[in-house]
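1. Below are the sequence and a predicted model; questions follow.
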Amino acid sequence: MSRGKLVLFEGLDRTGKTTQSDILVERLQPDVTLIKFPERSTEIGALIDRYLKDKTFELPDQAVHLLFSANRWEMAERIKQLLLQGTHVVLDRYVYSGIAYSAAKHTDKMDRSWCLQPDRGLPRPDLTIFLTSDDAENELRAGFGEERYEKSEFQQEVKRQFIEVFKALEDNSQEQNLVQIINITGKSVEQVANEVWELTEPVVRAPTDSKNTEILY
Ligand code: FDM
Ligand code: MG
């Protein structure tokens, strides 16, 4: 039996990650599980949820970064077990959101390499799909502005950080993680879903040694 594949959606707020991960999960039934980060149902997740919703709840940015990472580590063993039992796992945000949102706050004292450290050793995605849009289109979508981080200037810096993260991945020959970018501007949900499927199908079809889950460097 081949292990399941880890497929990750990344992007700014309100770019359709949740919609697209739901559609992909439908297409991959029955051997598939969806996991969304932050996973707000755990102890650490509850704290993160409060931090995101209550803009008066202050924590040092370094501590927040480590909470998001700890939240991934809370789920890491479950992800590994699912993959090893042959179940695909679709992720709605993961490590690269962790890096991009934190580094966007402090490009100096919390640079991208500082941000990656606590995530080292987590299961590595087989495919990462970055959903992006033309400038600021995401900000026009329903709900934008409700949570912390949903501010125009900050989103543009996060976008810049995402692009740098993916550029560095491309340049790192050790890194097998395949990153694909889809610009959603002007496309219907169905069009984007079809592009997602064209990228995902070959990855989920490729056989992989059942005893191996790859880890992030
Ligand atoms: N976010 C998400 C981070 O800042 N770091 C992380 O590691 C992760 C996974 O949390 F603004 C931010 C991104 C977003 C917020 O995410 C909540 P959702 O996808 O909107 O629930
Ligand atoms: Mg959001």
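-> Thanks, I have it. Ligands and ions are numbered 1, 2, ... in the order given.

2. The residue sitting nearest the centre point of the chain - nearest residue in space that isn't next to it in sequence?
-> The chain has residue 93 as the residue nearest its centroid, 2.2 Å off, counting by Cα atoms, centre = their mean. The spatially closest residue to residue 93, leaving aside those adjacent along the chain, is residue 37, at 4.5 Å (Cβ to Cβ, 6 or more residues apart in numbering). Using the backbone N, CA and C atoms, a C-beta is placed for each residue, glycine as well.

3. What distance do you get for that neighbour to ligand 1?
-> Between residue 37 and ligand 1 the distance is 4 Å, computed by Cβ to the nearest ligand atom, to the nearest Å.

4. what number of residues lie near that residue?
-> 19 (other Cβ atoms under 10 Å).

5. so it sits right up against residue 96, yeah?
-> No. Contact criterion Cβ atoms under 8 Å: residue 37 and residue 96 do not qualify, at 10.4 Å.

6. joint contacts of those two?
-> Residues touching both residue 37 and residue 96 (Cβ atoms under 8 Å, 6 or more residues apart in numbering): none.

7. Surely residue 16 touches residue 184?
-> Yes. Counting by Cβ under 8 Å, residue 184 is a contact partner of residue 16 at 5.9 Å.

8. what residues are shared contacts of those two?
-> 131, 192.

9. Look up which helix or strand residue 67 falls in, please.
-> Secondary-structure element containing residue 67, defined by DSSP states H and E: helix 61-84.

10. From the rest of the structure, what touches the next helix or strand after that helix?
-> Using DSSP H and E, the helix or strand that follows helix 61-84 in sequence is strand 88-92. Residues from elsewhere that reach strand 88-92 (Cβ under 8 Å, 6+ apart): 4-9, 17-18, 21, 24-25, 28, 31-37, 79, 82-83, 125, 204.
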